[in-house]
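Novice: please find the sequence and the predicted model below.
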Amino acid sequence: MDWQWKLLPLLTLLASFLFLFYIEDYFKPPQSDCSLLPYSHFWIASKRIVTLQGIISGAVEVKGGNIISVIKDKDWNGKSKQVVDYGYAVVMPGLIDVHAHLDDPGRAEWEGFPSGTKAAAAGGITTLIDMPLNSFPSTVSTETLKLKIEAAEKRIFVDVGFWGGLVPENAFNATALEGLLNAGVLGLKSFMCPSGINDFPMTDANHIKAGLSVLGKYRRPLLVHSEIQQDVESHLQVEDGADDPRLYSTYLKTRPPSWEEAAIRELLTVTKDTRIGGPAEGAHLHVVHLSDASSSLDLIKEAKRRGDSITVETCPHYLSFSAEEIPDGDTRFKCAPPIRDAANKEKLWNALMEGHIDMLSSDHSPTVPELKLLNDGNFLRAWGGISSIQFVLPVTWSYGRKFGVTLEQLALWWSERPAKLAQQHSKGAIATGNHADIVVWEPEVEFDLNADHPMYVKNPNISAYIGKKLSGKVLATFVRGNLVYKEGNHAPAACGALILAT
Ligand SMILES: NC(=O)NC(NC(N)=O)C(=O)[O-]
Ligand SMILES: [Zn+2]
Ligand SMILES: [Zn+2]
């Protein structure tokens, strides 16, 4: 009888092997640190799934990181399947933030890949494209892109791509630009005014024209900070006390809408190159963080009408705050271009609703509290940039409801259009074949964003939305099928993918 007992462990081993083999579809133990769910093949069910064909009740089938089917209720039999049922919570494509400054390497004390992407995940952002400046060195060459990649590798909780910098040093050097594009940046970014960062000098229309012609070959976009400095600062009377630097209105005077208008006017002399048959056909120009909803926007509309390849984004802070309500000395609200008056904010909303503004981005541009000069409150000397990345979804929704914003519009502005700009064709929509990049959230749930609210950015106390009541709670975020965030918890391992253009 002895031999039978000896066989038992062997049989048990064989049985467990077979068991694991057959259910490996559902369980992938080695990968489990990447996800708070132990399955790689599962269904996300909800009564409100936002698809390109409208909102449906049903389930999204996820396998191996991709969406393999989207099933309507009538065709859906959830029995005996691995289902995560979210009931009436909204299942939407994850947000794609095409404009975030994560400042890593070099200024990781401002933000960092781990902190910035954890905050992004907690806010339903599944992909972000990192700006080439505020980190040190700026991402303007193949070597500096390599440093970015090294800093990001295995430290990101969502997918991350990179914009490269178009600066005077590389603008007329096609070989250098091609090197950077070949190394994987998704496109280029430049400034038409001082950027506030020494190793990221500004470009003029000639640099931009040259950059566009190289980008045309690669069919990638150029993003431009569109403000040109006009001579207004000298009119300020700070010395004699007439213009108090602690008043937001003083700062506002230093960057009037004419700066944006001048830049866009200048840009349009070169965007005509992007038309079909033009010398930069294939290139695309994207105006970042538009604040002026008047003449500047009219110029962009005009360029679109005549066939230039051009798009424009604005940011949640321009849609939620207005100059009149910014408290004296509250430099958390300082950014460039500045937040303008309430009438301008209404106009921005209308332009967005009417389709003249193509998409939204966070322009998350944090720093350390010391450089925000929170105690001093001097708007003229404080660092310009808003910290917002974790809350862009509830902010857009909360302030947009009075304008009648729909869930489909959120998906269009935050996912579909940004995916197109960054040329991420497998992202930006809940559709079969796409990456399973998904946010699950409850639009109706309100919360007070007070100082106790969990925040994952490096410097939470400079966040511009603290003290606001918001509507829209993120329950879960999936990146390529991994549940990377669930109600206050992140997956243990940082398994976001680096996105490099090929
Ligand atoms: N160096 C910056 O990050 N600048 C940023 N600052 C803002 N927006 O105030 C920006 O995007 O221009
Ligand atoms: Zn900018
Ligand atoms: Zn920016």
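Specialist: Looks like it came in fine. Here the structure is a predicted model, which means the values were calculated and not measured. Numbering: from 1, shown residues only. Ligands and ions are numbered 1, 2, ... in the order given.
Novice: how about the helices of the stretch 101-250 of the chain, start to end?
Specialist: Per DSSP state H, counting those that start in this stretch, the stretch 101-250 of the chain has helices spanning 113-122, 142-152, 168-171, 174-182, 205-218, 248-254. These are given in chain order.
Novice: out of those helices, nearest to ligand 1?
Specialist: Across those, the minimum distance to ligand 1, taken as Cβ to the nearest ligand atom, is reached by helix 248-254, at 11.0 Å. Where you see a C-beta, it was placed from the backbone N, CA and C, and this is true even at glycine.
Novice: which residue does the stretch 401-502 of the chain bring closest to ligand 3?
Specialist: Using Cβ to the ion, the single residue of the stretch 401-502 of the chain nearest to ligand 3 is residue 464, 14.0 Å away.
Novice: any chance of TSV for the helices of the stretch 101-250 of the chain, columns mean pLDDT and mean neighbour count?
Specialist: Converted to TSV, these look like this (pLDDT from 0 to 100; neighbours: other Cβ atoms under 10 Å):
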stretch	mean pLDDT	mean neighbour count
helix 113-122	99	28
helix 142-152	98	18
helix 168-171	98	18
helix 174-182	98	17
helix 205-218	98	20
helix 248-254	97	19
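Novice: low-scoring stretches of this protein, by residue?
Specialist: Low-confidence segments of the chain (pLDDT under 70): 1-31, 232-235.
Novice: 90 - rerun?
Specialist: Low-confidence regions of the chain, defined here as pLDDT under 90, cover residues 1-32, 74, 76-81, 231-243, 451.
Novice: ligand 3 contacts on that one?
Specialist: For the chain, the residues found near ligand 3 under the criterion Cβ under 5 Å from the ion are 363, 365.
Novice: what parts of the chain come near ligand 1?
Specialist: Selection of the chain residues close to ligand 1 by Cβ under 6 Å from any ligand atom yields 101, 133-134, 195-197, 225, 289, 335-336, 363, 365, 384-385.
Novice: so which of these are in strands?
Specialist: Helix and strand membership here follows DSSP state E; of the residues of the chain next to ligand 1, those in strands are residue 225.
Novice: buried ones among the residues of the chain next to ligand 1?
Specialist: When burial is judged by neighbour count using 16 or more other Cβ atoms under 10 Å, the buried members of these are 101, 133-134, 195, 197, 225, 289, 335-336, 363, 365, 384-385.
Novice: can I get these in CSV with distance to residue 34?
Specialist: What follows is these, written out as CSV (distance: Cβ to Cβ, whole Å):
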residue, distance to residue 34
101, 26
133, 30
134, 28
195, 36
197, 34
225, 35
289, 33
335, 34
336, 38
363, 29
365, 29
384, 36
385, 31
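Novice: could you identify the most distant pair in those residues?
Specialist: When these are compared pair by pair using Cβ to Cβ, the farthest-apart members prove to be 197 and 289, with a separation of 16.0 Å.
Novice: just want the residue of the chain that's nearest ligand 3.
Specialist: Of the chain, the residue with the smallest distance to ligand 3, taken as Cβ to the ion, is residue 363 at 4.3 Å.
Novice: the helix or strand where residue 298 lies: which residues count as buried?
Specialist: Take DSSP states H and E as the rule and residue 298 turns out to sit in helix 295-305. For helix 295-305, burial by neighbour count (16+ other Cβ under 10 Å) applies to 296-297, 299-300, 303-304.
Novice: what's the neighbour count on residue 290?
Specialist: Here the number of neighbours of residue 290 (other Cβ atoms under 10 Å) works out to 23.
Novice: is it in contact with residue 260, as I believe?
Specialist: Yes - the pair residue 290 and residue 260 passes the contact test of Cβ atoms under 8 Å, sitting 7.0 Å apart.
Novice: quickly list what's touching both of these two.
Specialist: Counting by Cβ atoms under 8 Å, 6 or more residues apart in numbering, the shared contacts of residue 290 and residue 260 are 226, 296, 337.
Novice: which one of those residues is nearest ligand 1?
Specialist: Sorting those by distance to ligand 1 puts residue 337 at the head of the list, at 7.5 Å, by Cβ to the nearest ligand atom.
Novice: which residue is the nearest non-sequential neighbour of that closest one?
Specialist: Ranked by Cβ to Cβ, 6 or more residues apart in numbering and with sequence neighbours excluded, the top spatial neighbour of residue 337 is residue 291, at 3.9 Å.
Novice: and the residue nearest the centre of this protein?
Specialist: Central residue of the chain (Cα atoms, centre = their mean): residue 97, 1.2 Å from the mean position.
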